[in-house]
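Enquirer: show me how the following folds:
(one chain, ligands or ions: 4)
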Amino acid sequence: MAEKRPKILVVDDIPSNVHVLSRILKDDYDIYFATDGERALELVQSRMPDLVLLDIMMPGMDGFEVCTRIKADTTTRDIPVIFISAKSEVEDETRGLEVGAIDFITKPISPPIVKARVRNHLLLKRQADLLRSLSFLDGLTGIANRRQFDETMQREWRRCARMHAPLSLIMLDVDHFKAFNDHYGHQAGDECLRAVAEVLAEQVKRPSDLVARYGGEEFVCLLPETENEGAILVAERLRDAVARLGIPHASSPVAPHVTISLGVATALPTSDTSPESLSQLADQLLYQAKRSGRNRAEG
Ligand code: GH3
Ligand code: MG
Ligand code: MG
Ligand code: MG
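Expert: Ligands and ions are numbered 1, 2, ... in the order given. Predicted structure coming up:
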């Protein structure tokens, strides 16, 4: 797959400076530009550049303020900012680094040095992005992990509270999975978990939905803006899809193939409550599904 070209935002109130930087970088990167701080912040939000080259002295909002704002916003704070400025006093450079810039280049610029520093910082940014995305994925199945689930749950709880929308949670667990491991071996157990994760992810399609491995042979499915009836339908679909995988499970007293049990809970989030009660309820309902025979959803 071809790598996407990195996006660079060039900010300078003097158009000829913008022009010079664009000329140096445009062969390797997609360039956006702004000639004032307000426009720069708009473009940071709308384009999510991979790096910002930022002038300090500009009429209106200066570069220090622009950088401070980029770093104060959790959605943009990881974008590296490099100051490019005619200001070359120790205090200016120190302040630039203190407000969160990763580097400071003084004008007049040397094109090869600008190119090299930009390339290095983009490389570091890409590595940091990769590590961050890996830290949110489950190593065995490749779907979201518990950490991503916890973060998404907090965010969706607040979002649904603002929208006065319901939030549903399905907790599910593979039936008699210890017996499966004992019978077929741990490696086959791992394969089974991968297959279950894949089919769950296939079945849950709305962009705001999230399927995650909660731990061991337990998975969760978060369904924002979904009423309990809708979530139960999804749960039945998941139960059916896993059964239809037809993974043999000779030592299961439930069925000759792998099955899951599910608990389906729904809450109307509010700003002064937290999502723990929703998880607890889903867990209780899952336990109930287990007790009443497994291979079923309780809602
Ligand atoms: P129940 O129907 O009540 O859920 O019974 P169970 O046997 O599935 O439940 P139990 O909690 O007793 O056993 C869960 C098993 O899941 C035990 C553990 O070895 C296995 N397991 C957890 N994580 C993994 C994994 O990553 N790979 C494999 N192969 N097995 C795992
Ligand atoms: Mg200027
Ligand atoms: Mg189990
Ligand atoms: Mg379990």
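
Enquirer: only C-alpha atoms from now on, for both contacts and neighbour counts.
Expert: OK.

Enquirer: tell me how many other residues surround Glu42.
Expert: 12 (other C-alpha atoms under 10 Å).

Enquirer: that one and Phe83, how far apart?
Expert: Going from Glu42 to Phe83 by C-alpha to C-alpha, to the nearest Å gives 18 Å.

Enquirer: before we move on, what about Arg213?
Expert: For Arg213 relative to Phe83 (C-alpha to C-alpha), the value is 42 Å.

Enquirer: near ligand 1, which residues of the stretch 151-299 of the chain? Just list them.
Expert: For the stretch 151-299 of the chain, the residues in contact with ligand 1 (C-alpha under 6 Å from any ligand atom) are 173-179, 181, 186-187, 189-190, 216-217.

Enquirer: which of these sit farthest apart?
Expert: Farthest-apart pair in those is Asp173 and Gln187; separation 18.3 Å (C-alpha to C-alpha).

Enquirer: these two: which has the busier surroundings?
Expert: Ranked by neighbour count (other C-alpha under 10 Å), Asp173 and Gln187 place Asp173 first, with 24 against 10.

Enquirer: grab the nearest non-local neighbour of that one.
Expert: Glu218 (4.4 Å; C-alpha to C-alpha, 6 or more residues apart in numbering).

Enquirer: give me the neighbour count for the one you found.
Expert: With other C-alpha under 10 Å as criterion, Glu218 counts 18.

Enquirer: in contact with it, which residues?
Expert: Met171, Leu172, Asp173, Val174 (C-alpha atoms under 8 Å, 6 or more residues apart in numbering).

Enquirer: hmm, 7 Å instead?
Expert: Leu172, Asp173, Val174 (C-alpha atoms under 7 Å, 6 or more residues apart in numbering).

Enquirer: for it, which residues make a bridge with it?
Expert: Glu218 has these beta-bridge partners by DSSP bridges: Asp173, Gly215.

Enquirer: that one and ligand 3: what is the separation?
Expert: The spacing between Glu218 and ligand 3, counted by C-alpha to the ion, to the nearest Å, is 7 Å.

Enquirer: can you pull out the low-pLDDT segments for this structure?
Expert: For the chain, the stretches flagged by pLDDT under 70 are 1-2.

Enquirer: and the strands in it?
Expert: In the chain, the segments counted as strands under DSSP state E are 7-11, 30-34, 51-54, 81-85, 103-106, 167-174, 210-215, 218-224, 260-267, 297-298.

Enquirer: so what does the last one touch, helix or strand wise?
Expert: What that stands for is strand 297-298. Under the contact definition 3 or more C-alpha pairs under 7 Å, 6 or more residues apart in numbering; DSSP states H and E, strand 297-298 sits against strand 260-267, helix 276-291.

Enquirer: sheet partners, orientation included, of that strand?
Expert: According to DSSP bridges, strand 297-298 has these partners: strand 260-267 (parallel).

Enquirer: Leu53 contacts Val81, correct?
Expert: Yes: using C-alpha atoms under 7 Å, Leu53 makes contact with Val81 at a distance of 6.1 Å.

Enquirer: now the stretch 1-150 of the chain against ligand 1: closest residue?
Expert: Closest approach of the stretch 1-150 of the chain to ligand 1 (C-alpha to the nearest ligand atom) occurs at Leu140, with a separation of 7.1 Å.
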